[in-house]
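Undergrad: compute the structure for the input listed below.
(2 chains)
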Amino acid sequence: MTTDRRAFLKLAALSAATAAASTAGASSGIDPELAKRMGSGVRWDKAPCRFCGTGCHVQVGVQNNKVVAVAGDQEAPVNRGLLCMKGYHVGLALYGKDRLRTPMLRKDGELVPISWDEAIRVVADRVELDPKGFAFYGSGQWTIPEGYAAQKFMKGGIASNHIDPNARLCMASAVTGFIATYGVDEPNGCYQDLDECDVIITWGNNPAEMHPVLFSRFMDRRSRGEEITLIDLSTRRTRTSAHADHYLRFNPQSDLAIANGILHLLVRNGTWDKEFVDKHCSFRVHESDKPTLTGEAMSFEDWKKALEPYTPEYVAELSGVSAKDIHMLADLFGDRDKRITSLWCMGVNQHTRGTAMNCLIHAVHLFSGHFGRPGDNPTSLTGQPSACGTAREVGTLAHALPGGRVVANAEHRQQSEDFWNVPSGRIDPKPGKHTVAMWKSWSTPKGEEGGDIHTIWVQVTNPGQTMPNRNLLIEPGVKDPDKFLICSDVYPTATTEIADLVLPSAMWVEKNGVVGNSERRTQQWFKMVDPPGQARDDAWQVIAVARELFDRGFEGMKDKDGKFLFHMEQEGREVPVWQWSRYYEINVDERLFEEYRQFSRLKHKDLAPYAEYVKARGLRWPVVEQPDGTWRETRFRFAEFDDPYVKPGAKHEFYHSTTHDGRAQVWFHPYTPPPEVPDEEYPMWLCTGRVIEHWHSGTMTGRVPQLRGSMPSAYVEVNRQDAQALAVQNGDLVIVESRRGSVTVPVWIDGRGSPPPGTVFVPFFDERTKINFVTLHEHDPFSKQPDFKKCAVRLRKAEA
Amino acid sequence: MPIVSAVIYARPEHVGPLVAELTTDPRLTVAAPHADRFAMVADTTTRAEDKALWRGLEQHRDILRIELVVAQFDDIHPQEVP
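TA: Coordinates of the predicted model:
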C-alpha cells in the first residue's frame, strides 16, 4: 500500500463519517488543512455550492482530474465551514453513470449521436427559420457569464426578448414586491440579520429543510443560550415548526389577511413608528382600472380605512390563526426594542397574490419601523444559486436588460446598445413572452393564434418536470412536428426525454463560474476538472451558435463595426473562442463579467472587478472602490451607516423610490380567495415543494447514492384523520387527482411534515412522479409566477 | 492495517476537551465538531490494536455513543496473515 493510497482511504473514510454526521442537519465538513496534513496529495480550491440560493462556500478536493472530496469552507462568511447534506455530497453529483457525453438529435423518434458541428448548425437553422419565433428558457442556475451571454445573444443579437428563466417559477414575485416597494430589486438586509435578531418569523417558509445552513446559523444561537424567538407561519407542520416557539397554521392564501391584521392593530394600538413613516414612507394602492406595479398614491387616512375590516376576529375567521395570536404578532411589531427578521421564499412567491404578499411583508416592517438595523429587516430568501445574480441582476427576464434596465424604456435600450456596440434600435421595445406564455405558445400548434414560438432552447433547468399543469404547457407541443425543443443538460431528464436536440453540458467545477446568492453576494470559482466526454460549457454553446450565425451573415451577430458580437482579443489578436479547443485560451468568464459589470453601476448595484472576487468568498453589492484602492461591500442598503449611496444625514434613503422622493411605498392589498379552492368534487388542498435531500427535480441529487438512498421516491403526506377516512396506511398507494391530471404515490402519515386535515403535500423531486401534471398554472398578474402551493385535489386508494 | 471511521457523540459540555484530547493521539484524525458530534478516522497497524483502541473509546467517560461508518480491513498487516 502506498502512502498516498492510504491517505486517500483515510480521507474517504473521514468523508463518509462527516457525511453521516451531517444527516442530523448541517455539519462541519473536512477541514482542508486537516486533509493537507494527512498528505493526501489532493489539491483544494474554493467554490460556492452548486445547489441552493444560500451560497455556502465549499472547498473542493481534486486529484487526477476528479473531484474526490468536498469540505465546508471555514473562511466563508455565509456558512463558516458548515454544509448541509446536499452540499456535502455536491462533488458526487458530477459522477452519475449516465452523464450526457455527446450531442444527440432525434431522428425517426430516437435520439442519435451527432457531432458538435452538426448540433451547432441545427440550432442556427432553427434561429434562421424565424428569429422572432426562437425562444430561450434559462435558469437561476445559469452562472452570471452564462446568463449574460444568452441575454446578449437573444436581445442584442437575435433582437428577440423571448428569453425567460425558471426563476419566473421561483423568485419573480419577490422581484415585483421589491420593485413596487423600493423601486429596485433585492433585499436591503443580509444574513447578518440572522445573527442579530431577537425574533425570526418564517412566512410560509421551511428553512430547516430548504436552507438548513441558515437555519443552523440562528438555531446555534439558541443552543449557545441566546434568547431567540422563532414564529413559524405555515399551512402545514414542518421541521421548522418543530423548533418554533409559536407554530401558527393558517389557511392557504390567508397570509394576506394576517399581514393586514397586523397592520390594522398597529394602527389601532398607535404602535406604528410615526417618525420612520413620516420621513421615509408613502402609501400606495392599485389603480381601480388597469392596475400597475407602481400603483397610485393613497392618503394615510384612506389606507387606514381600507384596513378597518381586518380586525383580529375577522382575520382569525379567514386564516384559522387565533385573534390572540394576531395580537401577539402585532405586539411584537409594536415593540421597537426587539429586532425582527422576516424570512420567506416559495410559500410567498409561488402565490397568485405573490406580489401583494411580498409588498405586505415589507409594509409590516416599514410601518412598524422594523427596518434598516442589523437583525431588523424583511429578508427574502432565494431558491437557486444565482437567481439573484443571473436572473435578477443580469436581467434574463423577458422584460429586462442587465443592471435593472427594462426593454420598454428607450433610454435603457440605448444604454444597453451602447455597451454592446450594436446599432440603435436593435433591442425590441416590446417585452418577450414570460415563462408560462412562452411554453403555452410553444405548445400551441403553428398557425393557431398564439402559436408563434417554434423553438425553445433550454439550459440548466428541467421544465419537463417543473412546469405547472404540464399537460397544458408542454405535452401538446411534442406532437407538433413544426415545434422543436433544444435542451442543454448534464443528465437525461424529463425534458431531454421530449427534446429534439440534446446538448451535453459541463457543470459546476467543470467550468469557470460566477453566481450571486440571496444576500447580494457575488461569488466566483475556477474550473477544476474536465467535463466528461464531449460535454461543454453552456456559454460556449451560445457563443458557438452565435458564431455560426455570424459566419452565415446574420446581421444581428455583428456589432456596429462589423465585428462578432462576442469578439474577444488577446494582445491585439482575436481569440476564436467559438472553437472549443481555444475556449479556455483566455478566461471567457472574466471577459463577459467585465463587460456586464458596466451595467451594474447604472442602478447602484456596483460590482467589483473580477479579480476581487477571485480573492474573496464573495462580496455583497454595491461594492464601491475606496480612496485607498480597496473595494468595500455593503451589508445593509438604504441605511446611512452602511450604504455609500445614502445621503449623509438622511439616516435612511430609498434612492430608487418609485415616487422619486426617497420614500418606500407601504401598500394596501386586500385579501382575495385563491383561483381554485377545494369543493365537493375535489375536496382537499395540495401543496408541493422540496425536501432536504434533493435539489429541485432531482437531476443531480438523484445521482448521488447517499441522497437517493435517504429519499428514494416521492410520497404524499396525509393527515391521520384523512388517512382513516380513506382507509389507507403508510405505504399504501393513492391517486392524487386534480382537474388537470393525476399521479400515484405512497402515503406517509405523520412523517417529516404533517398537514392539517384536508391538506396533502407532495414533493416534486421525483421524475417518476411528476406532480406537476396535477398543479395549477394560474399566476400572479404582475410577476407572472404560478402558484405551486395550492390547488384542489381528491385522493382515492389505488387498486393493488 | 485497519482504517475505521465513525461519528462520535460526546457529552455536549465536553466536546471541546474531548476533541483536544483525541487529537493528541497520532492514530486519530478528528474533524471539527458540530454541536455534540464529530467525525473521526482511526488508522492503526493491526486488528488487535484497532480493537483495543475502539474498546477504549467506547469506555471513555465523555463519549456517549459511537456510530461506525467505514471499516477498511483490506490490507492486512503481514503479521496478521494466517
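
Undergrad: which helices and strands sit right next to the helix or strand encompassing residue A:688?
TA: Using DSSP states H and E, residue A:688 sits within strand A:684-689. Applying 3 or more Cβ pairs under 8 Å, 6 or more residues apart in numbering or on different chains; DSSP states H and E, one finds that strand A:684-689 contacts strand A:759-763, strand A:791-797. To be clear about C-beta, it is placed using only N, CA and C from the backbone, and glycine gets the same treatment.

Undergrad: ok, then the element right after it?
TA: Counting by DSSP H and E, the element after strand A:684-689 in chain order, helix or strand, is helix A:705-710.

Undergrad: which positions in that following helix come out as buried?
TA: A:706-708, A:710 (16 or more other Cβ atoms under 10 Å in any protein chain shown).

Undergrad: on that earlier part again, chain B: which of the helices and strands packed on strand A:684-689 is closest?
TA: With Cβ to the nearest Cβ as the measure, strand A:759-763 is the member of the helices and strands packed on strand A:684-689 nearest chain B (25.9 Å).

Undergrad: which SS state does residue A:656 fall under?
TA: coil (DSSP: H, G, I helix; E, B strand; the rest coil).

Undergrad: touching, it and residue A:603? I think so.
TA: Yes. Because the distance of 6.8 Å satisfies Cβ atoms under 8 Å, residue A:656 is recorded as touching residue A:603.

Undergrad: which neighbours do those two share?
TA: Residues touching both residue A:656 and residue A:603 by Cβ atoms under 8 Å, 6 or more residues apart in numbering or on different chains: residue A:184.

Undergrad: what helices and strands are in contact with the longest strand along chain B?
TA: Ranked by number of residues, the top strand in chain B under DSSP state E is strand B:63-72. For strand B:63-72, the packing partners by 3+ Cβ pairs under 8 Å, 6+ apart come out as helix A:3-22, strand B:3-10, helix B:47-58.

Undergrad: can you do 10 Å?
TA: When contacts are defined as 3 or more Cβ pairs under 10 Å, 6 or more residues apart in numbering or on different chains; DSSP states H and E, strand B:63-72 sits against helix A:3-22, strand B:3-10, strand B:37-43, helix B:47-58.

Undergrad: can you get me a residue count around the closest residue to chain B within the stretch 201-350 of chain A?
TA: As assessed by Cβ to the nearest Cβ, chain B sits closest to residue A:223 within the stretch 201-350 of chain A, at 6.6 Å. Residues within reach of residue A:223, counting by other Cβ atoms under 10 Å in any protein chain shown, total 11.

Undergrad: returning to what we had before: now the helices and strands packed on strand B:63-72 in CSV, with mean pLDDT?
TA: Converted to CSV, the helices and strands packed on strand B:63-72 look like this (pLDDT from 0 to 100):
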stretch, mean pLDDT
helix A:3-22, 65
strand B:3-10, 85
strand B:37-43, 90
helix B:47-58, 89
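
Undergrad: looking at the ones you listed, which is nearest to residue A:357?
TA: helix A:3-22 (33.3 Å; Cβ to Cβ).

Undergrad: related to what we said a few turns ago, distance of the residue of the stretch 201-350 of chain A closest to chain B from residue A:57?
TA: Separation of residue A:223 from residue A:57 (Cβ to Cβ, to the nearest Å) stands at 23 Å.

Undergrad: what helix or strand does residue A:717 sit in?
TA: Taking DSSP H and E as the criterion, residue A:717 maps to strand A:716-718.

Undergrad: picking up where we left off before, partners of the strand holding residue A:688, with directions?
TA: With DSSP bridges as the test, strand A:684-689 is paired with strand A:759-763 (parallel), strand A:791-797 (antiparallel).

Undergrad: mind listing what's buried along that strand?
TA: Buried residues in strand A:684-689 (16+ other Cβ under 10 Å): A:684-689.

Undergrad: from those residues, pick the one nearest chain B.
TA: Nearest to chain B among those: residue A:689, at 25.8 Å, using Cβ to the nearest Cβ.

Undergrad: the closest one - nearest residue in space that isn't next to it in sequence?
TA: Distances taken as Cβ to Cβ, 6 or more residues apart in numbering or on different chains place residue A:763 nearest to residue A:689, at 6.2 Å, with adjacent residues excluded.

Undergrad: now do the contacts for the one you found.
TA: A:209, A:688-691, A:693-694, A:698, A:711, A:713-717, A:745, A:752-753, A:769, A:771 (Cβ atoms under 10 Å, 6 or more residues apart in numbering or on different chains).

Undergrad: can you report how many residues lie near residue A:292?
TA: Around residue A:292 there are 10 residues (other Cβ under 10 Å).

Undergrad: quick check: it touching residue A:782?
TA: Yes. With contact defined as Cβ atoms under 10 Å, residue A:292 reaches residue A:782; the gap is 8.3 Å.

Undergrad: quick one on the thing from earlier: how far off centre is the strand holding residue A:717?
TA: 26 Å (Cα atoms, centre = their mean, to the nearest Å).

Undergrad: so what does it touch, helix or strand wise?
TA: strand A:684-689, helix A:720-726, strand A:733-737, strand A:742-749, strand A:759-763, strand A:791-797.

Undergrad: helix or strand for residue A:231, which one?
TA: Assigned by DSSP H and E, residue A:231 belongs to strand A:229-234.

Undergrad: tell me the average confidence for that strand?
TA: Here strand A:229-234 scores 98 as its mean pLDDT.

Undergrad: and the helix or strand following it, what's buried?
TA: Moving toward the C-terminus from strand A:229-234, the first helix or strand encountered (DSSP H and E) is helix A:239-242. Going by neighbour count (16+ other Cβ under 10 Å), the buried part of helix A:239-242 is A:239-241.

Undergrad: got it, and stretch A:397-409?
TA: A:397-398, A:400-405, A:407.

Undergrad: okay, now the closest residue to residue A:374 other than its chain neighbours: neighbour count?
TA: Nearest residue to residue A:374 in three dimensions, chain neighbours excluded: residue A:196, at 4.4 Å (Cβ to Cβ, 6+ apart). The local packing of residue A:196 (other Cβ under 10 Å) involves 16 other residues.

Undergrad: check contacts around residue A:196.
TA: A:189, A:218, A:221, A:339, A:341, A:373-377.

Undergrad: which ones are touching residue A:575?
TA: A:567-569, A:582-583, A:585-586, A:588, A:591.
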